[in-house]
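**Q** after the sequence you'll find the predicted model.
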Amino acid sequence: MRVVFMGTPGFAVGALEAILQAGHQVAAVVTQPDKPKGRGKEIRMTPVKACAVSHGITVFQPVKVKEQEAVETLRGYNADIFVVAAFGQLLSEEILSMPRYGCVNIHASLLPKYRGAGPIQWAIINGEEKTGVTIMQMDKGLDTGDMLLKEEVRIEPKETGDSLHDKLAAVGAGLIVEALAKLERGELTPEKQKEEETCYAKRLQKSMGRIDWQQSAKRLDCLIRGLISWPGAYTVLHGKNLKIWEVEAVEESESTAQGSMLQTDSDQILPGTVVNVEREAFYVKTGEGLLKILAVQPEGKKRMPVREFLLGYPVKAGEQLQ
C-alpha cells in the first residue's frame, strides 16, 4: 500500500518502522511542528520526524492540518490509506474520506473503553487488570469509529505508565501491519462500538500529581504508577515537594515494628501521617491501609531509594505529609 503516516511521539515510532519493514511505501510522514524543549529551549524534532528523516521520507508539519493548504498537500500524496498514531490533531471529514481505504488509527486501549488523550495512564490509575490496542476506522468523532482489530494486554501488578506505554507501542506496531494486509485482502469486518461501554480518558493535568492522603493506599499506588513519567505524584515534607516514585499498598497489620504509631488506636491517626520508619522504607497512613514508600525524589535532587533518602532527610513517625 501507499501510506501517509501521521504521528508525533515515541509511541508511534515502532508502528512507522513496522510499516516500512512490511514493504509498504510511505509517501510522507505528517507530524506536529518542532518545539523547544529542555532547559536550553533547543528546537528538537519529534520522535516520528527523526525516524522519518533517518529513512529519507518526506516530512510535512502543518500547524493546522485542517487548513485548506494542508489538505491539498495531503491530497497530493495520492495515498491508499492514512495511518494515524498519536498525531495530536483532529482530522476533518474531507481528510478522512480522501484515501481509498480511509484513515485508520492505532489506539492504545480496548475500545470503546478509554477514548481520549490518556488511555494508557487512566487504565493504570483506575486499577484495570487488562487493556490493549484497537485498530479503528476513523470517523469525525473522537475515537468513535468502527473497530477493525484488537489485541488484549495484561496489566501487571507493578505496571507503570512507562512500561505499559512500551508494551502497547510494540503491540500496535504488529497489529497495524496485520490490519493493512487484511484490509488489502478484504478480510476485515468493521464492528460498531457500544456507546454504553465508553469511558473517556481525559488529558492528564499537572494538578493530578498532588497526593490526597484521604484516598486508599491501593488507589494511591495506582495513581503513582500511572503518573510515573508525567506529571509525577508528589507530596510535601518539611515544606518542600517530595516526588514519590515507588510504593506498595499494605494492610495496617503489616507495620508492626517497634515504634510504630499503629500500636495506638489507628482511628485517631490522620491520613498523611508517617506511622513507622524502617531502614528501607517508611509507612504513611491513608484513608484505607498504609502506603509503604520505597523510592522518592527530593525537590531539586535525583531519584533515590528511601534507604539513601533517610540518610540526609530524617523522617520520624508522627510527621505529617501534606
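**A** Cool, got the structure.
**Q** contacts, neighbours, all on C-alpha from now
**A** Fine.
**Q** tell me which helix or strand residue 222 sits in.
**A** helix 217-226 (DSSP states H and E).
**Q** just checking, what packs against that helix?
**A** If contacts are counted by 3 or more CA pairs under 8 Å, 6 or more residues apart in numbering; DSSP states H and E, helix 217-226 sits against helix 119-125, strand 240-250, strand 290-298.
**Q** change it to 10 Å
**A** helix 119-125, helix 161-185, strand 233-237, strand 240-250, strand 290-298 (3 or more CA pairs under 10 Å, 6 or more residues apart in numbering; DSSP states H and E).
**Q** what is the mean pLDDT for that helix?
**A** Helix 217-226 carries an average pLDDT of 98.
**Q** Provide a list of residues in contact with residue 189.
**A** 146-149, 182-183 (CA atoms under 10 Å, 6 or more residues apart in numbering).
**Q** for it, grab phi and psi.
**A** phi -110, psi 110 (degrees, to the nearest 10).
**Q** please report how far it lies from residue 309.
**A** Distance, residue 189 to residue 309, using CA to CA, to the nearest Å: 55 Å.
**Q** likewise for residue 245?
**A** If you go by CA to CA, the gap between residue 245 and residue 309 works out to 12 Å.
**Q** what sits in contact with each of the two?
**A** 294-297, 303.
**Q** distance to residue 267 and mean pLDDT for the helices and strands packed on helix 217-226 - can I get that in JSON lines?
**A** JSON lines is the format used below for those (distance: least, CA to CA, whole Å; pLDDT from 0 to 100):
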{"stretch": "helix 119-125", "distance to residue 267": "27", "mean pLDDT": "97"}
{"stretch": "helix 161-185", "distance to residue 267": "33", "mean pLDDT": "97"}
{"stretch": "strand 233-237", "distance to residue 267": "22", "mean pLDDT": "96"}
{"stretch": "strand 240-250", "distance to residue 267": "17", "mean pLDDT": "96"}
{"stretch": "strand 290-298", "distance to residue 267": "13", "mean pLDDT": "97"}
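**Q** residue 75 against residue 100, yeah?
**A** No: counting by CA atoms under 10 Å, residue 75 stays clear of residue 100, with 11.5 Å between them.
**Q** count of neighbours near residue 193?
**A** Other residues lying near residue 193 total 17 when counted by other CA atoms under 10 Å.
**Q** repeat for residue 311
**A** Neighbours of residue 311 using other CA under 10 Å come to 10.
**Q** quick check: which element contains it?
**A** Counting by DSSP H and E, residue 311 is part of helix 306-312.
**Q** helices of this protein, residue ranges please.
**A** 13-21, 47-54, 68-75, 93-96, 119-125, 161-185, 217-226, 306-312 (DSSP state H).
**Q** any chance of those in TSV, with distance to residue 32 too?
**A** Shown next, in TSV, are the helices of the chain (distance: least, CA to CA, whole Å):
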stretch	distance to residue 32
helix 13-21	14
helix 47-54	9
helix 68-75	13
helix 93-96	16
helix 119-125	20
helix 161-185	19
helix 217-226	25
helix 306-312	40
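**Q** of those helices, which is nearest residue 276?
**A** helix 306-312 (12.8 Å; CA to CA).
**Q** I'd like to know which elements that closest one is packed against.
**A** Counting by 3+ CA pairs under 10 Å, 6+ apart, helix 306-312 packs on strand 282-285, strand 290-298.
**Q** for those strands, which one sits closest to residue 164?
**A** Closest among the helices and strands packed on helix 306-312, using CA to CA: strand 290-298, at 19.8 Å.
**Q** ok so, going back, any idea which of the helices and strands packed on helix 217-226 is most buried?
**A** helix 119-125 (a mean of 25; mean count of other CA atoms under 10 Å).
**Q** which strands or helices does it pack on?
**A** strand 113-116, strand 130-137, helix 161-185, strand 199-201, helix 217-226.
**Q** what distance do you get for residue 200 to residue 119?
**A** For residue 200, the distance to residue 119 equals 8 Å [CA to CA].
**Q** so what sits against both of those two?
**A** residue 113.
**Q** so residue 196 touches residue 111, yeah?
**A** No: counting by CA under 10 Å, residue 196 sits too far from residue 111 to count as a contact (11.5 Å).
**Q** can I get the helices and strands packed on helix 119-125 in CSV including distance to residue 249?
**A** Shown next, in CSV, are the helices and strands packed on helix 119-125 (distance: least, CA to CA, whole Å):
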stretch, distance to residue 249
strand 113-116, 25
strand 130-137, 20
helix 161-185, 18
strand 199-201, 24
helix 217-226, 5
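**Q** ok, which of those comes nearest residue 59?
**A** Between the helices and strands packed on helix 119-125, helix 161-185 lies closest to residue 59; by CA to CA that is 20.0 Å.
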